[in-house]
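Q: below is the sequence, then the predicted model.
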Amino acid sequence: MAYAGVQDVRKVGVLAAHPDSVLAAQRAGCGAIVALADEGVAARWPLIVAQADVVIAPEEFAALDKERYSATRAHRQRVLLNPGPSVVSDRVHRAIGGPDLCHREPEYSDILERVRAKLLDVAGVGDDWAMAMLAGSGTSALESMVLSSVRPGKKLLVCRNGVYGDRAAKIAERAGVEVVNVPASDLTPIDPAAVAAALDANPDIDAVFVVHHETTTGLLNPVQAIAKEADKRGVLVAVDAISSLGAEDLELRDTGIDMVASTSNKCLHGLPGAAFVLISPRGQRRIEEVPPKTLYFDLAAYLAAQKKRTVPFTPAIPALYSLDAALDELMEETLAHRKELYAARMDAVDRDLAGLGLTARVAPEHRSRCVRSFPLPEGYDYDTLHDQLKDRGYIVYAGLGDAAKTTFRVCALGSMTVEGMEGFTAALAEVVG
Ligand SMILES: Cc1ncc(COP(=O)(O)O)c(C=O)c1O
């Protein structure tokens with residue numbers, strides 16, 4: 001290491017032909033251990049048991065190095081400026097290496113319980129709220145929430161000003177739930193007065209659905225004011241907080257909001273695979289009154305299992321480990337600090353892109369702390385911009401729908417610093433400058 005000028009043993013890769021060399025490399029903490037052996041289980045088994053990262057024939061090494069280890073490999077760590085999965089800390093990455101675990105054992109129940117307690121804490125609600133933890137992406141939580149919110153013969157009011165409002169309407173309609181739409185453009189927040197008018201015109205509406213943060217354009221909807229209108233009329237409110245929980249202000253206690261869907265891998269900084277619905281006591285009673293429309297997304301089954309400290313189906317245990325660690329990280333950091341950091345990162349983006357003549361499409365007062373939709377720089381199509389930024393280590397995200405040809409998105413979710421965002425804005429300036 002001294003001869004090569006390498007300080008960190010994790011940067012050392014070892015080629016090993018004997019199990020003892022694999023074990024020595026593990027003990028030293030080397031970053032990669034490649035075992036070389038001829039074809040055939042007899043030659044390879046001792047190296048597999050010793051747990052090399054990979055066992056290959058010597059002549060395969062050049063191809064493996066190109067794909068997995070070389071500085072120019074296609075698949076390498078980059079800064080993700082897409083709206084999730086987000087960049088997570090080393091600590092969260094390490095957490096997924098927890099022990100193999102059976103979800104019918106008390107050790108799993110203890111983890112599930114403590115994740116629930118931490119999520120309720122982050123959400124600012126009491127122990128009377130329930131949590132349904134699903135193995136799936138955010139849409140699994142969204143789908144289960146939408147399908148469990150409306151009683152037979154009643155309607156769902158859907159606030160629609162982006163693709164995620166549209167998605168909720170599609171979920172409901174596919175399951176035969178009648179939808180009343182309250183639309184707005186994807187740059188305009190939903191008007192609470194329009195929700196109130198629709199509720200008054202349709203007394204058979206059983207629940208209101210609204211996306212807190214429409215990731216389509218980085219637009220915040222006035223969920224509290226919408227919930228107030230629904231609450232006045234005794235109508236339950238279900239919120240998609242998938243890209244907002246942990247980063248945006250969301251009051252839940254006694255606000256008329258009864259169900260909140262979210263996921264581990266956006267503003268909470270866990271890895272993908274665990275999604276959840278937080279449910280108030282009134283929401284829990286509603287779920288009991290809605291006959292299940294599917295097997296997997298039946299929230300009543302999750303609530304019944306939760307009472308027994310478990311889940312109905314095989315959980316995404318590594319994702320739960322990651323969420324547990326990510327919530328510890330959040331509580332140590334504090335929610336207030338996380339929100340400030342998110343705001344500071346996006347302030348840097350707004351400031352530096354304004355210097356390049358790019359202004360976010362959503363008006364400043366309606367912008368979130370983590371997503372921006374910008375017009376494409378003059379003379380650029382999305383693919384060219386994306387590829388040139390990717391070469392520099394940054395992954396930006398395409399616009400959606402009609403805006404796909406003329407816009408791009410910059411999202412700052414996850415474990416990133418303000419300086420990291422400034423690295424991105426400097427790279428963008430270099431590309432378009
Ligand atoms: C507001 C919102 N709802 C729902 C989803 C869907 O989440 P997933 O892709 O994890 O299923 C997303 C994803 O970005 C989102 O931003």
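A: Nice, thanks for sending it over.

Q: can you get me a residue count around residue 107?
A: 12 (other Cβ atoms under 10 Å). C-beta: built from backbone N, CA, C; applies to glycine.

Q: right, I mislabeled it, should have said residue 253
A: 11.

Q: could you say which helix or strand contains it?
A: Under DSSP states H and E, no helix or strand contains residue 253.

Q: and the stretch 201-350 of the chain, which of its residues are near the ligand?
A: 211, 213, 215, 240, 242, 243, 263 (Cβ under 6 Å from any ligand atom).

Q: let's see the helix or strand hosting residue 408 as CSV, backbone CA atoms only.
A: Using DSSP H and E, residue 408 maps to strand 407-411. Provided in CSV are the C-alpha atoms of strand 407-411 (Å, rounded to 0.1, in the frame of the first residue of the first chain):
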residue,chain,number,x,y,z
THR,A,407,-38.3,20.6,-19.6
PHE,A,408,-36.0,18.6,-17.3
ARG,A,409,-36.1,18.1,-13.5
VAL,A,410,-33.5,18.6,-10.8
CYS,A,411,-34.3,16.8,-7.6
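
Q: and whatever helix or strand comes next after it, average pLDDT?
A: Per DSSP H and E, strand 407-411 leads on to helix 418-432 as the next helix or strand towards the C-terminus. Mean per-residue pLDDT for helix 418-432: 97.

Q: packing partners for helix 418-432?
A: The helices and strands touching helix 418-432, judged by 3 or more Cβ pairs under 8 Å, 6 or more residues apart in numbering; DSSP states H and E, are strand 79-80, helix 335-355, helix 382-391, strand 394-395.

Q: ok, which of the ones you listed comes nearest residue 113?
A: Closest to residue 113 of the helices and strands packed on helix 418-432, according to Cβ to Cβ: helix 335-355, at 20.9 Å.

Q: pLDDT (mean, whole number) over the closest one?
A: 98.

Q: now that helix, how far from the centre of its chain.
A: 19 Å (Cα atoms, centre = their mean, to the nearest Å).

Q: what packs against it?
A: Using 3+ Cβ pairs under 8 Å, 6+ apart, helix 335-355 sits against strand 371-375, helix 418-432.

Q: could these go into TSV alongside mean neighbour count and distance to the ligand?
A: Output for the helices and strands packed on helix 335-355, formatted as TSV (neighbours: other Cβ atoms under 10 Å; distance: least, Cβ to the nearest ligand atom, whole Å):
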stretch	mean neighbour count	distance to the ligand
strand 371-375	23	8
helix 418-432	17	19
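
Q: for these, which one sits closest to residue 89?
A: helix 418-432 (12.6 Å).

Q: the inter-axis angle of that closest one versus helix 335-355?
A: Computed by axes from the mean of the first three to the mean of the last three Cα atoms, to 10 degrees, the angle separating helix 418-432 from helix 335-355 equals 20 degrees.

Q: who's in contact with helix 418-432?
A: 79, 81, 341, 344-346, 348-349, 352-353, 355-356, 377, 380, 385, 388-389, 392-394, 410, 412 (Cβ atoms under 8 Å, 6 or more residues apart in numbering).

Q: relative to strand 407-411, how tilted is it?
A: Inter-element angle recorded for helix 418-432 and strand 407-411: 160 degrees (by the same axes, to 10 degrees).

Q: and helix 418-432, C-alpha only, in PDB?
A: In PDB, the C-alpha atoms belonging to helix 418-432 read as follows (Å, rounded to 0.1, in the frame of the first residue of the first chain):
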ATOM      1  CA  VAL A 418     -25.200  22.100  -0.300                       C
ATOM      2  CA  GLU A 419     -21.600  21.900  -1.700                       C
ATOM      3  CA  GLY A 420     -22.600  18.700  -3.600                       C
ATOM      4  CA  MET A 421     -25.500  20.600  -5.300                       C
ATOM      5  CA  GLU A 422     -23.100  23.400  -6.200                       C
ATOM      6  CA  GLY A 423     -20.900  20.700  -7.800                       C
ATOM      7  CA  PHE A 424     -23.900  19.900 -10.000                       C
ATOM      8  CA  THR A 425     -24.600  23.500 -10.900                       C
ATOM      9  CA  ALA A 426     -21.000  24.000 -11.800                       C
ATOM     10  CA  ALA A 427     -21.200  20.900 -14.000                       C
ATOM     11  CA  LEU A 428     -24.300  22.300 -15.700                       C
ATOM     12  CA  ALA A 429     -22.600  25.600 -16.300                       C
ATOM     13  CA  GLU A 430     -19.700  23.800 -17.900                       C
ATOM     14  CA  VAL A 431     -22.100  21.800 -20.200                       C
ATOM     15  CA  VAL A 432     -24.300  24.700 -21.300                       C
END
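
Q: how much does that helix deviate in direction from helix 382-391?
A: Going by the same axes, to 10 degrees, helix 418-432 makes 130 degrees with helix 382-391.

Q: what is the orientation angle of helix 418-432 with strand 371-375?
A: Going by the same axes, to 10 degrees, helix 418-432 makes 10 degrees with strand 371-375.

Q: do you know the pLDDT at residue 278?
A: 98.
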